[in-house]
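Just a sequence and a predicted model for now, questions to come.
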Amino acid sequence: MIFGRIKPLDAILATAEKKSLHRSLGPIQLTLLGVGAIIGTGIFVLTAEAAQKAGPGMMISFIIAGFVCAVAALCYSELASMVPVSGSAYTYTYAVMGELLAWMVGWALVLEYAVAASAVSVGWSGYIVGLLRDTIGLNIPAAFANGPYAGGIVNLPAALIAMLVTWLLMIGTTESARVNAVLVAIKIAALSLFCLITLPLIKGGNFTPFTPNGWGIIGVGGAAASIFFAYVGFDAVSTAAEETKNPQRNVPIGLIGSLAICTIFYLLVAAGAIGMIGATPVTGLNGEVLSPGSSELAARCADIVNGGATLPLACSKEALAHVLKVGGYDWAGYFMGLAAGLALPSVILMMLFGQTRIFFVMARDGLLPEKLASIHPKWKTPHIVTFITGVFVAIAAAFLPVGKLADVSNSGTLFAFLMVAVAVLILRRTDPDRRRPFRTPFVYIVAPLAIVGCIGLYLLLPFDAKMVLPIWGGIGLVIYFAYGYRKSHVGRGLVDVSEPEAYEDLEPKVPGTH
């Protein structure tokens, strides 16, 4: 009976038909949308994480992660074009595999968005601390600029930026499309400048040994699982299918185009960083491999600095700015820090917005208390759920390192993408005649590749990151059977439930779309 609770596609589409959107986006706009959504903390910060795991082999890691994203994206796009409504993978799973699995996907997406926002907050902190130190001489004590894993007490800047963005979302402040475009341009300009400076100065010797830690969890494979985070955001393209002219042609162009551009960018950035200062992993005093984000690595990095040596790439909290400063280009390092400081808060905003939207859709379906998603009478925002989410994000950012946060976020993302790939295959067999504005090409090759890729990257995550997903899922199951199972609209026969009118006037709208 639990698995039989499927929300009919016709009921979901009935809601979408009432709010159909104008088809105006072409392939170039979609590609730029994807590039803007993808480039963020992953490349600005996790380059150091990848260096500690894979050394120069991180370049292969970027290719592996990009490929898994590409095949998952093609599956995502078919469902997004068929079911162009709020809720992302949660809604798709509800329509194909039933309420229980949909709950698990939605619960995993909550983990993905919230923890990703924490990771971006920590990444922003690293750059802003370095920028303040090097430009105006303001030294934030290490105890208040790093969490316990990095030898401090609390990462205060990360917690503050998380709460600031939460406050902005609560009062209804959002970016305009013009501001969003400027921030995207700043990010791309910063990475382009990095490549122009570093690539001509590459030293071939810095690329050997190419895979110092091999191909396992602490190696090229583990680095691919971590920097998978650098690509997340491409779903902004797939969920824009309803607003796209000729989606059958333009959605794959936007998806593959944005992923290809970002992969090339990432490879050039990685090559520049490695070639300029090297990416040799930091080892312990006895030559043992140290795990990224561990207190042992933080202590070893502190010893290196105290000994008067140059800080290795794997130790830096502001990886790209650090490379430029070590190379003697302080002014470019300042610009890189400024670019990250300006652009990354917009990524936090988009992550937090996405998380609250998932809560909305689950509350709309009766799986969570609708009171949780109540709208503030003046601000017209879901102030309660936004505040709760913001506090959770700020606490995680204050005490956990960016790499661990990214890995935990990836575990939720990979589970959601896996379910999307499975859903595409099931729907091709159970509902082959339904209109599909976009069809996944070679679906019986692409979808299994996505499934295998997601499982493979999940298994290459660190043990604690892998364990967070089943523990989080167990908590979710307790909540579902204690509340959602009894209150579910589908379970009570209320399948044609349109989105409450209060949601129509929600502020903010999706960042960067108006």
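Cool, the structure landed.

So what touches the one helix or strand T386 maps to?
Using DSSP states H and E, T386 sits within helix 383-399. When contacts are defined by CB atoms under 8 Å, 6 or more residues apart in numbering, helix 383-399 is touched by residues 114-115, 117-119, 121-122, 125, 147-148, 154-156, 158-163, 165-167, 169-170, 348, 352, 355-356, 359-360, 371-376, 405. For glycine as for every other residue, the C-beta is placed from the backbone atoms N, C-alpha and C.

Ok, stretch 140-151 next?
Stretch 140-151 is contacted from outside by 122, 125, 129, 132-133, 152-157, 293-295, 298-299, 302, 317, 398-401, 404, using CB under 8 Å, 6+ apart.

at 6 Å what do you get?
Residues external to stretch 140-151 that are found in contact with it (CB atoms under 6 Å, 6 or more residues apart in numbering): 129, 152-153, 155-156, 293, 295, 298, 399-401.

next one: stretch 321-338
127, 130-131, 135, 190, 193, 197, 273, 276-277, 310, 316, 320.

what's the closest of those residues to A340?
Lowest distance from A340 to the contacts of stretch 321-338 (CB to CB) belongs to Y127, with 3.9 Å.

Next, count neighbours for the closest one.
Y127 has 28 neighbouring residues, counting by other CB atoms under 10 Å.

Assign it to helix, strand or coil.
Using DSSP: H, G, I helix; E, B strand; the rest coil as the criterion, the local structure at Y127 reads helix.

The chain should start at 874 in everything you say after this.
Shifting the count to begin at 874 puts that one at Y1000.

residues in contact with it?
For Y1000, the contact set (CB under 6 Å, 6+ apart) comprises 1191, 1210, 1213-1214.

Need those in JSON lines (columns: pLDDT, secondary structure and neighbour count).
Output for those, formatted as JSON lines (pLDDT from 0 to 100; DSSP: H, G, I helix; E, B strand; the rest coil; neighbours: other CB atoms under 10 Å):
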{"residue": "E1191", "pLDDT": "90", "secondary structure": "coil", "neighbour count": "26"}
{"residue": "G1210", "pLDDT": "92", "secondary structure": "helix", "neighbour count": "28"}
{"residue": "A1213", "pLDDT": "90", "secondary structure": "helix", "neighbour count": "27"}
{"residue": "G1214", "pLDDT": "91", "secondary structure": "helix", "neighbour count": "18"}
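
one step back: inside helices: which ones of the contacts of helix 1256-1272?
Residues of the contacts of helix 1256-1272 located in helices (DSSP state H): 987-988, 990-992, 994-995, 998, 1029, 1031-1036, 1038-1040, 1042-1043, 1221, 1225, 1228-1229, 1232-1233, 1278.

Sort out which of those residues are buried, if you could.
Buried subset of these (neighbour count, 16 or more other CB atoms under 10 Å): 987-988, 990-992, 994-995, 998, 1029, 1031-1036, 1038-1039, 1042-1043, 1221, 1225, 1228-1229, 1232-1233, 1278.

got a list of what L1056 touches?
Counting by CB under 6 Å, 6+ apart, L1056 touches 1216, 1219.

Just the pLDDT at it, thanks.
pLDDT recorded at L1056 is 82.

Pull out the buried residues from the strand or helix carrying it.
Secondary structure assignment for L1056, by DSSP H and E: helix 1050-1071. Buried positions in helix 1050-1071, judged by neighbour count with 16+ other CB under 10 Å: 1053, 1056-1057, 1059-1061, 1063-1064, 1066-1068, 1070-1071.

so where is this structure shaky, pLDDT-wise?
Low-confidence segments of the chain, defined by pLDDT under 70: 874-877, 884-897, 957-961, 1046-1050, 1108-1109, 1111-1116, 1368-1387.

hmm, try it at 50
Applying pLDDT under 50 to the chain flags the ranges 874, 892-893, 1370-1387.

Start from the N-terminal end of the stretch 1274-1387 of the chain and give the helices.
Applying DSSP state H, counting those that start in this stretch to the stretch 1274-1387 of the chain gives helices spanning 1275-1303, 1316-1332, 1336-1352, 1358-1360, 1374-1377.

now for the first one, which elements pack on it?
Applying 3 or more CB pairs under 6 Å, 6 or more residues apart in numbering; DSSP states H and E, we find helix 1275-1303 packed against helix 931-955, helix 961-969, helix 972-1009, helix 1316-1332, helix 1336-1352.

neighbouring contacts of the fourth one?
With CB under 6 Å, 6+ apart as the contact definition, helix 1316-1332 has outside contacts at 941, 944-945, 947-948, 1098, 1101, 1287, 1290-1291, 1294, 1297-1298, 1313.

what inclination does it have with respect to helix 931-955?
Orientation check (axes from the mean of the first three to the mean of the last three CA atoms, to 10 degrees): helix 1316-1332 against helix 931-955 gives 130 degrees.

buried set for helix 1316-1332?
Buried, per 16+ other CB under 10 Å, within helix 1316-1332: 1316, 1319-1320, 1322-1324, 1326-1327, 1330-1331.

Now tabulate the helices and strands packed on helix 1275-1303 in CSV and tack on distance to F1080.
Formatted as CSV, the helices and strands packed on helix 1275-1303 follow (distance: least, CB to CB, whole Å):
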stretch, distance to F1080
helix 931-955, 9
helix 961-969, 38
helix 972-1009, 25
helix 1316-1332, 24
helix 1336-1352, 28
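
mind checking how far F917 is from N1159?
Here F917 is placed at a distance of 33 Å from N1159 (CB to CB, to the nearest Å).

With neighbour numbers in mind, choose between these two.
Counted by other CB under 10 Å, F917 and N1159 do not tie: F917 has more neighbours, with 31 against 5.

packing partners for the strand or helix carrying that one?
Element membership for F917, per DSSP H and E: helix 914-927. Helix 914-927 sits against helix 931-955, helix 972-1009, helix 1093-1100, helix 1192-1199, with contacts defined as 3+ CB pairs under 6 Å, 6+ apart.

Buried deepest among these, which one?
Compared across these, helix 1093-1100 shows the largest average neighbour count, a mean of 28 (mean count of other CB atoms under 10 Å).

List of residues touching that helix?
For helix 1093-1100, contacts defined as CB under 6 Å, 6+ apart pick out 919, 922-923, 926-927, 930-931, 933-934, 937-938, 1084, 1088, 1279-1280, 1330, 1333-1334.

report the angle between the axes of that helix and helix 931-955?
Using the same axes, to 10 degrees: helix 1093-1100 against helix 931-955 is 50 degrees.

Centre of the chain to helix 1093-1100, how far?
On the basis of CA atoms, centre = their mean, to the nearest Å, helix 1093-1100 sits 15 Å off its chain's mean C-alpha point.

May I ask which helix or strand encompasses the residue nearest the centre of the chain?
Nearest to the mean C-alpha position of the chain, by CA atoms, centre = their mean, lies V1105 at 4.2 Å. Of the helices and strands defined by DSSP H and E, none includes V1105.

and it, what is it in contact with?
V1105 sits next to T1286 when contact means CB under 6 Å, 6+ apart.

Distance-wise, check it relative to V1220.
V1105 sits 10 Å away from V1220, going by CB to CB.

Just want the phi and psi numbers for R1365.
Geometry field for R1365 lists phi and psi as phi -100, psi 10, criterion degrees, to the nearest 10.

how much space between it and A968?
Distance, R1365 to A968, by CB to CB: 18 Å.

Counting neighbours, go ahead and name the busier of those two.
Set R1365 next to A968 and count neighbours by other CB under 10 Å: A968 wins out with 25 against 10.
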